[in-house]
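Novice: sequence and predicted structure below; questions after.
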Amino acid sequence: RELGNKLIVGVISDKLGGDLIHIPEKLRLEGISSNTWVTEALLINEPIHSVIESLKPDIVVKGKEHEGNFNPELEAVESYGGKLIFSSGEVTFSSLDLINKNLETEARDTYGLPLNYLDRHNFSSQDILNSLKKISDIKVCVIGDLIVDGNVPSGLNGTFYRNGPDPKFPPRGDKSHWFGGDGMVHAFHINDGKISYLNRWMRTVKWTKEEEAGKALFPSGMDPTDTDPSVQGLSTDGLANTSIISHAGKLLALEEAHAPFEFDPHTLESFGSHTFDGKLEGPVTAHPKIDPITGELLFFGYMADGFFSDKIRFTAVSKEGKITKSELIKAPFPSMVHDFYATENYIIIPVFPLTGDFERVINGGPAFAWEPEKGTHICILPRHGTAADAVWIESDPSFVFHYMNAYEENGSIVSDCMEFELPPLFPYADGTMPKQSGVEAIHTRWEIDINKRKLSKTSLDTITGEFPRFDERFALQKYSNGYYAGNIYALMCIIYKIV
């Protein structure tokens, strides 16, 4: 952008790009246009050299990866005295090259800087090298004070934690799934207007064994048979890759097939499985609920007494961190149950026909598959009752990954969720994949009439989206506002008024 008065970016049309295009032109064009340093973005429907001859820009910029290759734009640019340059940004370097060379030299061939860049930002090339040496093992990344665009609100102090799947090694086999990546925790420590950043892999059994072997040993998909013989039968402590909660003085990284994984809130050092003084039975969902009035932690675990079992266990933990209730419930069939919801008096666990079947796996089929003919079954468990008090109601097949919140009103249990017609990224039982183009979630309100044992649904919007959130001070209670990430092209975040 510093090379001229205007920066015009051309986006190859879907028609011109053909099979090489993976993201629709409308989204690519909008993404480029949203960058403040881009003067204009235009759609290219004709050969690029024709566009250049028409616009006659002073400078044409291509990615660094094209340098040294045949570039048909060169002839068009030179025809009127323009210039073709190759760049991937103001600073370009390969950290992998630097690490592989053990930083024995400055390796100036791996990065390039405009002459005045260092002066303008008041640091030297040696400063860069010294910083890289500190993190050369690439297992932990620590960054000091971050550059803040604007101002951090006064009085905002604390830490924002995020985690997600981040595979350390390339996955095994051809059935990998991004759900199976190693848990990486990120921490943004905020203090007196300054923000520092730290990230670290959780040292699970899986991560540790694979780090020692230098390769993937465990299945990154959901096929338990795809395991390296060296770790066959080894008990693991999960992936710690889906969500993070704080309760009773513990900071816990969660996924849905194991116990919570505890880590240090400041250094992110791994402590290992947290089993509530050894009283925990079975796995814990990645989306537990905390009752803001009682301080209780509420959660469930599916396949509670073994992989592909049809048992679900509900557990309540006091605000002091002690298990006070544990109820084992038999579901209609083994299923992936990612989330649930709760109110002042009820626990609601919907079981969708995303079924698990070990025999299917043994015969070469998918571990989890969509079988809509089995329908949706919803468990309603009184919070202060037992498994014998659980009531099941049936509904048409659909799928929900995440619920926003729920409450009781006029004899009904009301909840808001992001509902799919069928689950994304999962096949049918025969292994064929449903069309993904229409697999989108809609913000939907569920109302369960407790006496009639009937579910009614109302779509609250036509915007597709996911990952609903709300002010958790109003968890399990009637609330006014919620939020979710929505796909409406011009806006990528929805603030929704609950009425």
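Specialist: Okay, I see it. Residues are numbered from 1 along each chain as shown.
Novice: state the distance from Pro72 to Ile52.
Specialist: In this view, Pro72 and Ile52 are 10 Å apart by CB to CB, to the nearest Å. For the C-beta atoms, the positions are set from N, CA and C on the backbone; glycine is no exception.
Novice: the more surrounded of these two?
Specialist: Between Pro72 and Ile52, counted using other CB atoms under 10 Å, Ile52 has the larger neighbour count: 22 against 10.
Novice: am I right that the more buried one is in a helix?
Specialist: Yes - counting by DSSP: H, G, I helix; E, B strand; the rest coil, one finds Ile52 located in a helix.
Novice: can you offset everything so residue one is 57?
Specialist: Noted, 57 is the first residue going forward, which turns the last one into Ile108.
Novice: just to check, it is in contact with Ala132?
Specialist: Yes - at 4.3 Å, Ile108 and Ala132 qualify as touching, with contact defined as CB atoms under 8 Å.
Novice: output the below-cut-off pLDDT ranges for this structure.
Specialist: 57-60, 76, 78, 90-93, 121, 144-177, 188-201, 278, 494, 544-555 (pLDDT under 70).
Novice: tell me the centre residue of it?
Specialist: Central residue of the chain (CA atoms, centre = their mean): Gly220, 5.4 Å from the mean position.
Novice: now the one helix or strand it maps to: how far from the chain's centre is it?
Specialist: Here Gly220 sits within strand 214-221, counting by DSSP states H and E. Taking CA atoms, centre = their mean, to the nearest Å, one finds the center of strand 214-221 at 11 Å from the center of the full chain.
Novice: packing partners for that strand?
Specialist: strand 239-247, strand 299-303 (3 or more CB pairs under 8 Å, 6 or more residues apart in numbering; DSSP states H and E).
Novice: redo these as CSV? Include distance to Ile498 and mean neighbour count.
Specialist: Formatted as CSV, these follow (distance: least, CB to CB, whole Å; neighbours: other CB atoms under 10 Å):
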stretch, distance to Ile498, mean neighbour count
strand 239-247, 30, 19
strand 299-303, 23, 18
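Novice: in a markdown table: those strands, plus distance to Trp257.
Specialist: Listed next are these as a markdown table, based on distance: least, CB to CB, whole Å:
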| stretch | distance to Trp257 |
| --- | --- |
| strand 239-247 | 5 |
| strand 299-303 | 14 |
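Novice: follow-up on the earlier one: what are the C-alpha coordinates of the strand holding Gly220, in PDB please?
Specialist: Extracted in PDB, the C-alpha atoms of strand 214-221 (Å, rounded to 0.1, in the frame of the first residue of the first chain):
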ATOM      1  CA  GLY A 214      -8.300 -10.400  33.900                       C
ATOM      2  CA  THR A 215      -7.600 -13.200  31.300                       C
ATOM      3  CA  PHE A 216      -9.400 -14.300  28.200                       C
ATOM      4  CA  TYR A 217      -8.900 -18.000  27.500                       C
ATOM      5  CA  ARG A 218      -9.500 -19.900  24.200                       C
ATOM      6  CA  ASN A 219      -8.700 -23.400  23.100                       C
ATOM      7  CA  GLY A 220      -9.200 -25.400  20.000                       C
ATOM      8  CA  PRO A 221      -7.900 -28.400  18.000                       C
END
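Novice: okay, the angle between it and strand 239-247?
Specialist: With axes from the mean of the first three to the mean of the last three CA atoms, to 10 degrees applied, the angle from strand 214-221 to strand 239-247 works out at 170 degrees.
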